[in-house]
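Visitor: got a sequence here, can you model it:
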Amino acid sequence: MRTIVIAAGLLISAFAFGTSPSLADDIDLNIGVGIPGVYADPDYDDDYDRRRRRGRLSCGEAKELVRDRGYRRVITLDCEGRIYTFRASRGGDRFVLNVNPRTRAVWRR
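Guide: Here you go, the predicted structure:
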């Protein structure tokens with residue numbers, strides 16, 4: 001049994017270290033170590049990637065969309081479901097607005 005283990009070790013080392021230089025140049029090994037959801041790149045935005053795959057606006061992006069429509073003092077009421085809800089004012093009047101995060105439609109309630 002001992003000789004089989006030694007022979008296997010020699011065989012593995014021969015394959016690992018016996019590669020030709022041209023073949024070794026083609027090898028690219030990356031080992032990622034870290035905490036899931038935490039990335040070394042500070043510019044990486046995991047939420048942005050998730051939204052792009054789903055095609056949805058984030059709550060902050062929907063709030064900006066409401067502001068871009070001329071509303072001020074925008075307050076988030078709900079961003080959990082399929083429709084986001086905000087309270088905002090325009091021209092001295094207060095409104096409750098809905099935003100569809102998929103279609104980007106904005107309407108008053």
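
Visitor: what does the model give the residue lying closest to Arg108 once chain neighbours are set aside for pLDDT?
Guide: Spatial nearest neighbour of Arg108, chain neighbours left out: Phe95 (5.2 Å); criterion: C-beta to C-beta, 6 or more residues apart in numbering. Every residue, glycine included, has its C-beta placed from N, CA and C. The confidence metric pLDDT takes the value 97 at Phe95.

Visitor: can you pull the contacts of Ile12?
Guide: For Ile12, the contact set (C-beta atoms under 8 Å, 6 or more residues apart in numbering) is empty.

Visitor: again, but for Arg90
Guide: Going by C-beta under 8 Å, 6+ apart, Arg90 touches 70-72.

Visitor: switch the cut-off to 10 Å
Guide: Going by C-beta atoms under 10 Å, 6 or more residues apart in numbering, Arg90 touches 66, 69-73, 97, 108.

Visitor: before we move on, back to that, name the helices or strands packed onto the helix or strand hosting the residue nearest to Arg108?
Guide: Here Phe95, judged by DSSP states H and E, is contained in strand 93-99. Helices and strands touching strand 93-99, by 3 or more C-beta pairs under 10 Å, 6 or more residues apart in numbering; DSSP states H and E, are helix 59-68, strand 72-78, strand 84-90, strand 106-108.

Visitor: wait, which of those is closest to Thr3?
Guide: helix 59-68 (66.2 Å; C-beta to C-beta).

Visitor: output the below-cut-off pLDDT ranges for this structure.
Guide: Applying pLDDT under 70 to the chain flags the ranges 10-11, 13-54.

Visitor: neighbours of the residue nearest to Gly55 when sequence neighbours are not counted, how many?
Guide: Among residues not flanking Gly55 along the chain, Arg102 sits closest, at 6.1 Å (C-beta to C-beta, 6+ apart). Using other C-beta atoms under 10 Å, Arg102 is surrounded by 12 other residues.
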